[in-house]
Each structure stands twice: as structure tokens, then as C-alpha cells.
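[1] The sequence and its predicted three-dimensional model are supplied below.
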Amino acid sequence: MATTTTQLTQNTTDAITTEPSYTVPGLTTKQGATVAQALQQRLNMYNDLHLTLKHVHWNVVGPHFISVHQMIDPQVEIVRGYADEVAERIATLGSAPQGTPGAIVAQRDWDEYSIGRAGAIEHLGALDLVYQGVISSVRQVAKDVEEIDPVTNDLLIGHLHELEQFHWFVRAHLENAGGKLSTGNARTETSAAQKSSTGAV
Ligand SMILES: [Fe+2]
């Protein structure tokens, strides 16, 4: 692991583990590193999410193709923007953001999106779970950094406004007139896709 201060560069797939030599005024360098580390996993998550959303954009088939195909692209662009904001916040905090595909795969603690070519409702069922995971973790990190870095907290809260609205766009396709979601308590993307396609509530 690249953790010594004598190394000029850090391996691009290693988590941020070194204290920066400077950070934003008002934080210690240790606090700066802690916040940057939490943000690095959000960077991995946003990079994974915008690629996954594009994968859905390309692989959706069936009668609802065009509406879902077109609904996804603005989400891709906005989530790419979030990745940029998070990466630049990491740099502002004095650490080096890692934006390579290898960093996503090496550091993520979630599984690869598991649905390939499939109907719109199946993908939306799986995306219900994806958004549940992303939103829960962004909320948790926003809470974790609230005391030590309200600026990062504010950044993440801003992201949640739209992420939660996107989640609603997805869920509105899975909801019946009684307000119940067809994905129910599914725990995997495959089962969420299957439940949503059969309309089970
Ligand atoms: Fe396209």
C-alpha cells in the first residue's frame, strides 16, 4: 500500500490513506484526510452510477423503450457532474481524487450491476435498489461529516435533492394506484427486476 510520505505518487487504485500537507482552513490535515477518504468512496459510487445508468440507457428493450431510454440520459449527465464536484472537493481538501476504472473496482464495497439486456420495467426495478443504496450511503456520509465539514455536508445534501427525485421517477413506474411498489422488499437487483416485471406487490 502506498502510505509513506516519501512516495511522490500514490497508486491510483489505493484508497486515500495519507494525510495531505495542507487542507481547507479550519480543518486539521487529519480531518481533511478523513473527509477526503469518505468522499473518495462517493466518487467511486457516482462514477459507477453514471456508467451503470448509461448501460441501462443502452440495454433497455421493449414497449417502454423510448421513455426510459430518454429519461436516463439527464440522470447520467447530472451524476457525472456530481462526480466532478466530489473529485474537486477532494482536491480542495488537499488529497488526490482517484477517478480511474481500477479505483472503482478495487475500492467499491458493492456488486457490479447485474442486469443486461432487459425490459424497461425490469431495469427500473433493479434501479430502485441501486438508488436505495446510493441515497442511503450519501445520506450517511452527509451526516458523518456534518460537524467537521459543513461545506462537504452541504455539497452532499445538494446532491440528495436530485438523487431522491430521480429515485421517485424510477419508483413512479413501479407503483400501483394504492401507492405500493412492485419491488416490495426485494434484496437483490435480480429479484427486484423479476418482481417488477410480474407486477407483484
Ligand atoms: Fe444515447
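    Cool, the structure landed. Numbers count the residues shown, from 1 in each chain.
[2] C-alpha only now, for contacts and for neighbours.
    Fine.
[3] buried ones in stretch 46-64?
    46-57, 59-61 (16 or more other Cα atoms under 10 Å).
[4] for that stretch, the distance to its chain's centre please.
    Offset of stretch 46-64 from its chain centre (Cα atoms, centre = their mean, to the nearest Å): 14 Å.
[5] Which residues outside that stretch are in contact with it?
    68-70, 72-73, 75-77, 79-80, 82-83, 99, 104, 113, 116-121, 123 (Cα atoms under 8 Å, 6 or more residues apart in numbering).
[6] ok, then the element right after the lengthiest helix in the chain?
    Ranked by number of residues, the top helix in the chain under DSSP state H is helix 29-59. Moving toward the C-terminus from helix 29-59, the next helix or strand (DSSP states H and E) is strand 60-61.
[7] Could you give the separation of the host helix or strand of residue 197 from the chain centroid?
    Per DSSP H and E: residue 197 is located in helix 189-198. On the basis of Cα atoms, centre = their mean, helix 189-198 sits 21 Å off its chain's mean C-alpha point.
[8] Next: stretch 85-104.
    14 Å.
[9] what's the answer for stretch 64-76, then?
    18 Å.
[10] tell me which residues of it are tucked away?
    Quick answer for stretch 64-76 (16+ other Cα under 10 Å): 65, 68-69, 72-73, 75-76.
[11] pLDDT below threshold where in the protein?
    For the chain, residues meeting the criterion pLDDT under 70 lie at 1-13, 200-201.
[12] 90 instead, please
    Low-confidence segments of the chain (pLDDT under 90): 1-18, 176-179, 181-201.
[13] Please enumerate the helices of it.
    Going by DSSP H, the chain shows helices at 29-59, 65-92, 101-107, 120-145, 150-172, 189-198.
[14] Switch these over to JSON lines; also include distance to residue 22.
    Converted to JSON lines, these look like this (distance: least, Cα to Cα, whole Å):
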{"stretch": "helix 29-59", "distance to residue 22": "6"}
{"stretch": "helix 65-92", "distance to residue 22": "9"}
{"stretch": "helix 101-107", "distance to residue 22": "23"}
{"stretch": "helix 120-145", "distance to residue 22": "18"}
{"stretch": "helix 150-172", "distance to residue 22": "17"}
{"stretch": "helix 189-198", "distance to residue 22": "42"}
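[15] who wins for proximity to residue 183 among the ones you listed?
    Of all the helices of the chain, helix 189-198 sits nearest to residue 183, with 4.9 Å by Cα to Cα.
[16] quick one, the closest one and helix 120-145 angle?
    Orientation check (axes from the mean of the first three to the mean of the last three Cα atoms, to 10 degrees): helix 189-198 against helix 120-145 gives 130 degrees.
[17] got the buried residues for helix 189-198?
    For helix 189-198, the neighbour count (16+ other Cα under 10 Å) marks 189-197 as buried.
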